[in-house]
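*Asks:* What follows is a predicted protein model with its sequence.
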Amino acid sequence: MAKKTAEANGFEPGDRVVAAIDLPGVPAGTPGVVTMVAGFTWKRAHVRFENGADLAALDRRQIEPAGRYRWHNRPRTGVPPAL
């Protein structure tokens, strides 16, 4: 039996995520919500971030579940992100 999209990708619509790296218009660590999941062999998500950006085709290289973001790997900006 084939895996469900959410199980294979780890994300489903409504999941809270954060940008793991700097993305166009979205600094690393910015929280967002998955709005759609797509793909057969390359699982990707559409995410609406709290700063108003809405990006598509993001995978696990660019986003992480909100509770698992590795703050110690974030770029140093001098100002800690708000939680």
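*Replies:* Received it, and whenever you're ready, just let me know what you need.
*Asks:* list the contacts for the spatially closest residue to P65 that is not a sequence neighbour?
*Replies:* Using C-beta to C-beta, 6 or more residues apart in numbering and skipping the chain neighbours, the partner closest in space to P65 is V17 (6.0 Å). Bear in mind the C-beta positions are built from the backbone N, C-alpha and C, glycine included. Taking C-beta atoms under 8 Å, 6 or more residues apart in numbering, we find V17 in contact with F11, P31, G32, V33, V34, A45, V47, I63, E64, P65, A66.
*Asks:* where exactly do the strands run in this structure?
*Replies:* 16-19, 31-38, 44-49, 54-58, 63-65 (DSSP state E).
*Asks:* Write down the beta-bridge partners of the residue nearest to P65, one by one.
*Replies:* Beta-bridge partners of V17, counted by DSSP bridges, are G32, P65.
*Asks:* Quick check: it vs Q62, distance?
*Replies:* 9 Å (C-beta to C-beta, to the nearest Å).
*Asks:* With D15 as the reference, measure out to K43.
*Replies:* From K43 across to D15, the span is 13 Å (C-beta to C-beta).
*Asks:* Also W42?
*Replies:* The value you get for W42 to D15, if C-beta to C-beta is used, is 18 Å.
*Asks:* Let's see stretch 39-48 as PDB, backbone CA atoms only.
*Replies:* This file holds the C-alpha atoms of stretch 39-48, laid out as PDB (Å, rounded to 0.1, in the frame of the first residue of the first chain):
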ATOM      1  CA  GLY A  39       4.200  15.800  -5.600                       C
ATOM      2  CA  PHE A  40       4.800  12.100  -6.300                       C
ATOM      3  CA  THR A  41       8.500  11.600  -6.300                       C
ATOM      4  CA  TRP A  42       9.500  15.000  -5.000                       C
ATOM      5  CA  LYS A  43       7.400  16.000  -2.100                       C
ATOM      6  CA  ARG A  44       7.000  19.700  -1.600                       C
ATOM      7  CA  ALA A  45       4.900  22.100   0.300                       C
ATOM      8  CA  HIS A  46       3.300  25.600  -0.200                       C
ATOM      9  CA  VAL A  47       3.800  27.700   2.900                       C
ATOM     10  CA  ARG A  48       2.400  31.000   4.100                       C
END
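*Asks:* Report the buried residues of it.
*Replies:* Using 16 or more other C-beta atoms under 10 Å as the test for burial, stretch 39-48 gives K43, R44, A45, H46, V47.
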